[in-house]
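*Asks:* have a look; sequence and predicted model below, questions after that.
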Amino acid sequence: MAITLGRYILRGELGRGAMSVIHRGYDPRIRRILAIKTLRAEYAAHEAHRHRFLTEARAAGTLTHPGIVTIFDVGVVNGVPFIAMELLDGPTLEAFVERHKRLPLRTILRIAMQIADALDYAHRQGVIHQDVKPENIVVTSDSGNVKLTDFGIARLRHTAQGTLAEEQTIAGTPHFMSPEQIRGDEVDGRSDLYSLGVVLYWLLSGDTPFRADNVHELLRKILTEPLPPPKPLDPATPQALLDVVRTLLDRDPTERYQTGAELLEDLQRIDDALAEQERNWQGRRFISLRLSWTAIMSVLVAVTVSAGLGWVYHRQNEAMTRLAYDYGLALTETLALESAEDLLLEDRIALQALVDEMARKRDIAHVSISDGEGRAYFLFDTPVLYQNHELGRLRLSMSTAALQAANRATMTALIAVLLATLATVLVGVYMLSRRLVVPIEILRRALGQITQGRFDKRIRMRRNDEFERLFSAYNAMADSLEARMFSAHSHKRNAAAPNVPPAPATRLVDAPPPRTRHHGKPRSPSG
Ligand SMILES: Nc1ncnc2c1ncn2[C@@H]1O[C@H](COP(=O)(O)OP(=O)(O)O)[C@@H](O)[C@H]1O
Ligand SMILES: [Mg+2]
């Protein structure tokens, strides 16, 4: 026989607070699994307790924030007041820390940032929580997603009641209470920030700042003793974070952060610095593919193209020189043949005419027909023979200027080719690697969402290459994770209340069915 509370079916207990019991519940009307908080019978008779209880519905009921539990319904059945709210799947922060002992610094920061954001939102809506402590923070994923619960003694601006002292006596541990709250003074959002400061102190050092054997001694210490400096469990805790804690725990509210947003900004900065440090860890700098590939390709291309062009230049130089040499040699031999007769007849006029004609040719720097010896760049020296008798010698020298000019032109052309090739490769590789970097970044972000426990994210980008396959593999993994989450949840619920058909109902609230089952757009399991 199922236990019911009004239209809700109760399926076992989830947790207990000072005055209330939290049940796992089911709402058959909208087929939703939820949490139902009821005031314990022994308190239900007292007006003050009923008031405290209903405060929660009034305060949290107005708030819609991912870091705050959502209230669905409030009512009284057979004299038992109840609140129906979003079911949170996970331990309280207290139990979570007990299980994990020391949390990583960035998880601590993540938790503090979410609570700072939730408080900032609540304070802007005129709601002060007044009971921020680890038991009232539920951890919904191992990576440190959290939600603030239990607005049981929350204070609504303009509707503050005079029953605070009484409410505090039933609120449990005073370790997290602000000095002004203890004194019974008027409190505002800064009191919540003090409590968050104690939570942060406790997360970082494993202890609350003040310890005492009895409550009176504890309250006296909170009100009068100087703050013992936190001894962080992690030696790498940044000083800036300890400074944030000290600021939050200032006895004077005007010396604290004035809003959650102010606090969030500083926490975010510290987290960014830690993230940067993680990236640079052990000197492993982040070097983008775009830069490294471009640099490597440029060096490779520069070396190969230079070697190739150098070889071409060398070969061309050799060929041209040989050509010029052969030309000079042929010319010299012709001249020697032509001048043999004139030399024999000692016809100086004819010889002079021959030399003059040669001198008019562009490439011939110097022609001498003499008995002695001469000098030139390309110097050709040949005997002038007549019927095998050496009559004298002919010397011809050719200027190499034209050859050098040709070589210079070749060199300029080759350097231009080299630079153009390099520029093309540089631009090409840069653009191509950009096309790689974008899909890699998309995949990295999607994986980041999985790490945060969000399995509803799919990559929609269509491509025709290996990335398409990688994206489908990612999507298949997310489908499978989501389906597993879903079946694990419905299994748990079936076990809790086997008489209720839960399968179609749970889909609406908790993990949605995988995409492949055509149920429309999947929703986040955490809502
Ligand atoms: N919405 C919820 N879903 C699941 N568990 C919850 C939810 N709200 C509270 N709990 C569990 O019940 C415990 C008591 O709830 P809480 O609202 O703090 O009660 P109290 O006002 O009596 O302190 C919490 O510490 C938590 O473990
Ligand atoms: Mg509580």
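*Replies:* All right, it came through fine. Numbering: from 1, shown residues only. Ligands and ions are numbered 1, 2, ... in the order given.
*Asks:* every contact and neighbour count from this point should use C-alpha atoms.
*Replies:* Will do.
*Asks:* quick check, the residue in the stretch 251-400 of the chain closest to ligand 2?
*Replies:* Gly260 (21.3 Å; Cα to the ion).
*Asks:* okay, Ala496: pLDDT?
*Replies:* The confidence metric pLDDT takes the value 59 at Ala496.
*Asks:* three-state assignment of Leu329?
*Replies:* State at Leu329, reduced to three classes by DSSP: H, G, I helix; E, B strand; the rest coil: helix.
*Asks:* how near is the closest residue to Leu385 other than its chain neighbours to Trp202?
*Replies:* Nearest residue to Leu385, sequence neighbours excluded (Cα to Cα, 6 or more residues apart in numbering): Leu391, at 5.7 Å. Remark: distance between Leu391 and Trp202 (Cα to Cα, to the nearest Å) = 116 Å.
*Asks:* flag every residue of the stretch 151-300 of the chain that's near ligand 1.
*Replies:* The stretch 151-300 of the chain has residues Gly152 near ligand 1, with proximity defined as Cα under 6 Å from any ligand atom.
*Asks:* what sits against the nearest residue to Ala60 once chain neighbours are set aside?
*Replies:* Excluding the flanking residues, the one nearest Ala60 by Cα to Cα, 6+ apart is Phe151, at 6.1 Å. Contact analysis of Phe151 by Cα atoms under 8 Å, 6 or more residues apart in numbering lists Thr55, Glu56, Ala57, Ala59, Ala60, His129, Gln130, Asp131.
*Asks:* cool, and Pro228?
*Replies:* By Cα under 8 Å, 6+ apart, the neighbours of Pro228 are Pro209, Phe210.
*Asks:* name the SS class of it, please.
*Replies:* Quick answer, by three-state DSSP: Pro228 is coil.
*Asks:* do Asp89 as well
*Replies:* With three-state DSSP as the basis, Asp89 sits in coil.
*Asks:* for it, which non-adjacent residue is closest in space?
*Replies:* Using Cα to Cα, 6+ apart and skipping residues adjacent in sequence, the residue nearest Asp89 is Thr140, 5.6 Å away.
*Asks:* show the pLDDT at that neighbour.
*Replies:* Reported pLDDT for Thr140: 95.
*Asks:* how does the chain divide into domains?
*Replies:* 3-85, 93-280, 291-417, 423-490 (automatic domain parsing).
*Asks:* can you flag the weakest of those domains by average pLDDT?
*Replies:* Among these, domain 291-417 scores lowest, with a mean of 79.
*Asks:* that one: how far from the chain's middle?
*Replies:* Centroid separation between domain 291-417 and its chain, computed with Cα atoms, centre = their mean, to the nearest Å, is 67 Å.
*Asks:* swap in stretch 180-193?
*Replies:* Its chain's C-alpha centre and that of stretch 180-193 lie 38 Å apart, by Cα atoms, centre = their mean.
*Asks:* can you check stretch 244-258 too?
*Replies:* Centre-to-centre, stretch 244-258 and its host chain are 31 Å apart (Cα atoms, centre = their mean).
*Asks:* equivalent analysis for stretch 428-446, please.
*Replies:* 14 Å.
*Asks:* residues in contact with that stretch?
*Replies:* With contact meaning Cα under 8 Å, 6+ apart, stretch 428-446 is reached by Leu289, Arg290, Leu291, Trp293, Thr294, Met297, Lys457, Arg458, Ile459, Phe467, Phe471.
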